[in-house]
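1. dropping the sequence and predicted coords here.
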Amino acid sequence: MGHNLETRSLLDELKSFDRKGGLFDLGHPLLNRMAECFVKAAGIGAIQAVSREAYFTVTDGGDSSSFPPEITDSHKKHRFSELRGETNRSSIEALVKSTGKESLQWGLAAGMYSGITYGLKETRGVHDWKTSAMAGAITGAALALTFDDSSHEDIVQGAITGAAVSTAANLLTGIF
């Protein structure tokens, strides 16, 4: 791997971030970790929101009879209400607003999970499945609170799902 800027590829640049300590240097490892996770997850959230809207635009424009009723019924519930598949200004503004909101939710969830995991690891002195379960449960419950109509059941379900997913990820880290 060369050190000359002209001979380095994009992949070499991305790999060098890990050796340098990440994308940010905010003065404390906790802040660096939270900011980096926020930015990465927010980008993923934006891509997911735009691709979902593109899918719904394509399926609404075509013949929906070829789709199973579960898909055609469920996508109407989750679709951004302001978007109609048109190319007018209000549709573009609604896409940007919806994408920004979803990016913020993904980023906050990732940053919060990362910060809680870091804090619990520093407090307990060990990073194990219990740390992951606690951080996942707290993050899942907090994420459920950001939904429009969150009920008690939604919050409990978010906590259980967050704990299960983060514990599974922690346990499977060593296997793969």
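-> Looks like it arrived, so ask away. Numbers count the residues shown, from 1 in each chain.

2. for the one helix or strand Val96 maps to, buried residues please.
-> Assigned by DSSP states H and E, Val96 belongs to helix 89-124. Across helix 89-124, burial judged by 16 or more other CB atoms under 10 Å covers 91, 94-95, 98-99, 102-103, 105-118, 120. In this view, the C-beta of every residue, glycine as well, is placed from N, C-alpha and C.

3. also stretch 156-167?
-> Gly158, Ala159, Thr161, Gly162, Ala163, Ser166, Thr167.

4. CSV for those, including pLDDT, secondary structure and distance to Asp148?
-> Shown next, in CSV, are the buried residues of stretch 156-167 (pLDDT from 0 to 100; DSSP: H, G, I helix; E, B strand; the rest coil; distance: CB to CB, whole Å):
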residue, pLDDT, secondary structure, distance to Asp148
Gly158, 92, helix, 14
Ala159, 94, helix, 18
Thr161, 94, helix, 18
Gly162, 92, helix, 19
Ala163, 94, helix, 23
Ser166, 92, helix, 24
Thr167, 92, helix, 28
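
5. closest one of those residues to Val39?
-> Ser166 (19.8 Å; CB to CB).

6. identify the residue nearest the geometric centre of the protein.
-> Trp106 (3.4 Å; CA atoms, centre = their mean).

7. burial measure for the nearest residue to that one once chain neighbours are set aside, as a count.
-> Setting aside the residues directly before and after it, Trp106 is nearest to Gly45 in space (CB to CB, 6 or more residues apart in numbering), at 2.9 Å. Residues contacting Gly45 under the criterion other CB atoms under 10 Å number 22.

8. surely Gly45 and Lys101 touch.
-> No - Gly45 is beyond contact range of Lys101, at 9.1 Å (criterion: CB atoms under 8 Å).

9. quick revisit: quick one: contacts for the residue nearest to Trp106?
-> Counting by CB atoms under 8 Å, 6 or more residues apart in numbering, Gly45 touches Thr99, Glu102, Ser103, Leu104, Gln105, Trp106, Gly107.

10. so Ala137 is in which element?
-> Per DSSP H and E: helix 129-145 holds Ala137.

11. same question for that helix, mean pLDDT?
-> The predicted model gives helix 129-145 an average pLDDT of 92.

12. and stretch 105-119, by the same measure?
-> 90.

13. lowest-pLDDT helix or strand in this protein?
-> Least confident helix or strand, the chain: helix 69-78 with a mean of 49, by mean pLDDT, DSSP states H and E.
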